[in-house]
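> Need the 3D shape of this:
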Amino acid sequence: MIADQEPTDQGPNSGSRIRILIVDDQPMVRAGISMLLSAEPDLAVIGEASSGPQALEFAGKHLPDVVLMDVRMPGIDGVEATKQLVRETRENQDRLVRVLIMTTFDDEEVVVKALQNGASGYLLKHALPNEIAAAIRRVAAGETWLDATAATRLVQRLHMSSSALPDITELLTPREQEVLRLVAAGLSNQEIRDLLVLSEATVKTHVARILFKTGSRDRASAVALAYRSGFSRADDKIPGRN
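This next block holds a predicted model:
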């Protein structure tokens, strides 16, 4: 199964299954992951790609729910492919493709770059089969997944070591900035969903990425950062609320 084929899962129950694209330049890795996931009744591998360009082409045509993306590939690597994939799908239909980065390298620098470029999570290739399946389900639901072995160092890196506050306009995409302003104004995910005409899962994904990118522990920390940095103000006008 290669990236330029039609999706393989065309059965009557395919609509209820999580559609997955596996991206890795090693055929044996792709085959192994595909075999593991085939045992899960709610997961369906619809394609494989050996490079960033193949992944972008396939995902653009078939819109998988989750892309398992290798980070170390020649040419366009997984981080850059993630950036392009998320940007293109957002611009086309305001639909965030969920990308789960895979790597054998316990490298927090790669994790930070991947998250900043739109990845929904990070998974080590040596993770147990049940962890891979759980990560896919979590990401498909609009949440995030971070491998436990990398979590502590990632959080430490994302928190600013200096006293200077981050420039939120540089950290976040325009849509994420919009969501953060609404969160800071006290709107719930459901209210943000209705105001921006998004799915609730997409709102949750935006919030999760805001937390990761700003190094915030939770929504309250992100709100505090928004006001402390001057990004949000008490007199901000919110459409439909002011």
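
> Only C-alpha atoms from now on, for both contacts and neighbour counts.
Will do.

> What score does residue 138 have for pLDDT?
Predicted confidence (pLDDT) for residue 138: 83.

> pLDDT weak spots in the chain?
1-15, 89-96, 105-108, 148-165, 234-235, 239-242 (pLDDT under 70).

> Tell me where it has strands.
18-23, 43-49, 66-70, 98-103, 121-124, 145-146 (DSSP state E).

> Export these to CSV and append columns for mean neighbour count and distance to residue 109.
Formatted as CSV, the strands of the chain follow (neighbours: other CA atoms under 10 Å; distance: least, CA to CA, whole Å):
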stretch, mean neighbour count, distance to residue 109
strand 18-23, 26, 20
strand 43-49, 24, 24
strand 66-70, 28, 15
strand 98-103, 27, 12
strand 121-124, 25, 12
strand 145-146, 20, 14
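
> Would you mind saying which of the ones you listed lies nearest residue 204?
Closest approach to residue 204 among these (CA to CA): strand 98-103, 11.9 Å.

> And for the most centrally placed residue in the chain, nearest residue in space, chain neighbours not counted?
The centre of the chain sits closest to residue 120, judged by CA atoms, centre = their mean, with a distance of 2.0 Å. Leaving aside its sequence neighbours, residue 120 sits nearest to residue 144 (CA to CA, 6 or more residues apart in numbering; 5.1 Å).

> quick check: domain ranges of the chain?
Following automatic domain parsing, one finds the domains of the chain at 14-157, 162-228.

> and these, which is most packed in?
Stretch with highest mean neighbour count among the domains of the chain: domain 14-157 (a mean of 19; mean count of other CA atoms under 10 Å).

> Wait, residue 19 touches residue 43, no?
Yes - between residue 19 and residue 43 there is a contact under CA atoms under 8 Å: 6.4 Å.

> Let me see the contact set for the residue nearest to the centre of the chain.
98-101, 139, 143-145, 205, 209 (CA atoms under 8 Å, 6 or more residues apart in numbering).

> that older thread, just put the domains of the chain in JSON lines and tack on distance to residue 237.
Shown next, in JSON lines, are these (distance: least, CA to CA, whole Å):
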{"stretch": "domain 14-157", "distance to residue 237": "23"}
{"stretch": "domain 162-228", "distance to residue 237": "9"}
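
> For residue 238, which of those is the nearest?
Nearest of the domains of the chain to residue 238, taken as CA to CA: domain 162-228 at 7.3 Å.

> starting at the chain centroid, how far to the closest one?
The chain centroid and the centroid of domain 162-228 are separated by 15 Å, computed with CA atoms, centre = their mean, to the nearest Å.

> Then stretch 128-142?
On the basis of CA atoms, centre = their mean, stretch 128-142 sits 12 Å off its chain's mean C-alpha point.

> Start at 30, not 1
All right, first residue 30 from here; so that's stretch 157-171.

> Contacts for it next, please.
Here stretch 157-171 makes contact (CA under 8 Å, 6+ apart) with 47, 65-66, 69, 94-95, 127-129, 149-150, 152, 173-174, 230-234.

> Name the nearest of the contacts of residue 149 relative to residue 103.
residue 130 (15.6 Å).

> Now do the contacts for that closest one.
Here residue 130 is in contact with 97-100, 107, 143, 148-152 (CA under 8 Å, 6+ apart).

> Can I get those in CSV including distance to residue 85?
As requested, these are exported to CSV (distance: CA to CA, whole Å):
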residue, distance to residue 85
97, 12
98, 11
99, 13
100, 14
107, 11
143, 16
148, 14
149, 17
150, 18
151, 19
152, 20
